[in-house]
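Q: have a look; sequence and predicted model below, questions after that.
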Amino acid sequence: MSQAARNVREEIEKKRSGRSNGTQLVGVVFLLMVIGTIVWGCWAVISWMNDAQRLPLSRLVVTGERHITTNDDIRQTILSSGEPGTFMSQDVDVLQQQILHLKWIKQASVRKQWPDELKIHIVEYVPYARWNDLQLIDKDGNVFSVPAERVSDKTLPLLYGPEGGEKEVLEGYNSMSQALAAGKFKLKTVAMSERRSWQLVLDNDVRIELGRENRTQRLDRFISLYPILQQQAPADKRIASLDMRYDTGSAVGWAPAFIENQTILSDWVKQQGQAD
C-alpha cells in the first residue's frame, strides 16, 4: 500500500474516532441530566409530602369494641405531645405508645391511610372484678385503672389482697364461687390477708371466716351447716357471720333481722391479729 493510501486511511479512522468520542460525551452528559432530574424530583416530592400544610394527618378513625374509651380520650392522648405530623413524617410507633398510656387499654395498633387518615384499633381490658376498691382486674388477673364514672357494672365482685397476690385471690374467688354456687349461694366479696387468711362475704352480707388452712373443707362444712343454723335462728335474729376456723362446728355471729350488717374488708386485710 502506498504512503498516500495509508495517509487517507489514517485520516478516516481519526474522523471516526472523533465522532465516537463525541457521541460518548453526549451520552454521559444526557445520563447525568437524567440522574439529576430524578434526584431533584425525589427531593421535591419528599419536601412536598413533609410539608405540614400539604399533608397533615387530620382524620381519626378508632375501631375495636369499646366500653370505656371515648374518641376524645384518644384525641387528647395523641395531642398531649403536640400536633400530629404529616403522612410521611409521623411515627406510628410513637402514637401507639402514647395510646397505651391509657391504663385500661390492653393493646393498640396504629396505621396511616393515604392521604390524611390515622386508623387506630384498640383492645380494652374487660373488667371482671374490683381490686382493693381503687382498681379493676380482668379474668386473667391483670390489674388496671379506670375512671370511677366509666365503670357501668356496679355488681362486680369485690376482691382484696396484698400487692402481687392478684392472681392468687382471683383463683380463690373463682374456685370458691363455683363451690358456693352449687349450694345456691352467691359470693360477693373475697379478701386474702398477707398471712393468706381468707374471709368471704355472700350477697346476703353473711361473712365467712375461713382462715388459712383447709379452705375447701371449711367451705364445704359451711354449705352443709348454714341451712341448719338458719332454721334454728330466732325470729328476730339473722346470721351475720360464721367463723369456720374450728375442727368441728363454727362460731355464729347474730345480728338483728332489721339491721343491715356492713363489713369493711379493706380494713380487715390490713389487720393481721386474727386467729386462724
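A: Thanks, I have the structure now.
Q: check which residues of stretch 145-153 are buried.
A: residue 146 (16 or more other Cβ atoms under 10 Å). C-beta here means a position set from N, CA and C on the backbone, and glycine is covered the same way.
Q: could I get it in CSV with only the CA atoms?
A: Provided in CSV are the C-alpha atoms of stretch 145-153 (Å, rounded to 0.1, in the frame of the first residue of the first chain):
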residue,chain,number,x,y,z
SER,A,145,-57.2,1.6,86.4
VAL,A,146,-60.4,3.2,85.0
PRO,A,147,-62.1,6.5,86.0
ALA,A,148,-64.8,5.5,88.5
GLU,A,149,-67.6,7.1,86.5
ARG,A,150,-66.7,4.9,83.5
VAL,A,151,-67.5,1.6,85.3
SER,A,152,-71.1,0.9,84.4
ASP,A,153,-71.4,-2.5,86.1
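Q: can you tell me the element residue 154 falls in?
A: Using DSSP states H and E, residue 154 maps to neither a helix nor a strand.
Q: where does pLDDT dip in the stretch 51-200 of the chain?
A: Scanning the stretch 51-200 of the chain for pLDDT under 70 picks out the ranges 51-58, 82, 84-89.
Q: and the helices in it?
A: 71-79, 92-99, 166-182 (DSSP state H, counting those that start in this stretch).
Q: residues contacting the shortest one, please?
A: This means helix 92-99. Residues outside helix 92-99 that contact it (Cβ atoms under 8 Å, 6 or more residues apart in numbering): 74, 77-78, 80-81, 84, 105, 108-112, 118, 120, 122.
Q: in PyMOL, how would I select just the buried ones from those?
A: Selecting only the buried members of the contacts of helix 92-99 in PyMOL, with burial defined as 16+ other Cβ under 10 Å, works like this:
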select buried, resi 74+77+78+84+105+108+110+112+118+120+122
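Q: related to what we said a few turns ago, between the helices of the stretch 51-200 of the chain, which gets nearest to residue 189?
A: The closest of those to residue 189 is helix 166-182. By Cβ to Cβ, the value is 9.0 Å.
Q: what comes up buried for that closest one?
A: Judged by neighbour count (16+ other Cβ under 10 Å), helix 166-182 contains these buried residues: 166, 169, 170, 172, 173, 176, 177, 179, 180.
Q: reformat these as CSV; add distance to residue 33.
A: What follows is the buried residues of helix 166-182, written out as CSV (distance: Cβ to Cβ, whole Å):
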residue, distance to residue 33
166, 69
169, 75
170, 72
172, 78
173, 77
176, 82
177, 79
179, 85
180, 85
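Q: any idea how far residue 179 is from residue 209?
A: 16 Å (Cβ to Cβ, to the nearest Å).
Q: same question but for residue 161, I mixed them up
A: Distance from residue 161 to residue 209, counting by Cβ to Cβ: 16 Å.
Q: what's the answer for residue 202, then?
A: Look at residue 202 and residue 209: by Cβ to Cβ, they are 13 Å apart.
Q: what mean pLDDT does stretch 226-240 get?
A: Mean pLDDT, stretch 226-240: 90.
Q: so residue 253 touches residue 237, yeah?
A: No. In this structure, residue 253 is not within contact of residue 237 by Cβ atoms under 8 Å, at 10.2 Å.
Q: what do these two both touch?
A: The overlap between the contact sets of residue 253 and residue 237 (Cβ under 8 Å, 6+ apart) is empty.
Q: before we move on, the earlier item: more neighbours, residue 202 and residue 209?
A: The residue with more neighbours, out of residue 202 and residue 209, is residue 209; 23 against 18, by other Cβ atoms under 10 Å.
Q: that one belongs to a helix?
A: No. In this structure, residue 209 is strand, not part of a helix, as judged by DSSP: H, G, I helix; E, B strand; the rest coil.
Q: ok, it - contacts?
A: 199, 241, 242, 243, 244, 245, 274.
Q: quick one: the residue nearest the centre of the chain from residue 125, how far?
A: Centrality entry for the chain: nearest residue to the mean C-alpha point is residue 106, 1.6 Å, by Cα atoms, centre = their mean. According to Cβ to Cβ, residue 106 and residue 125 sit 5 Å apart.
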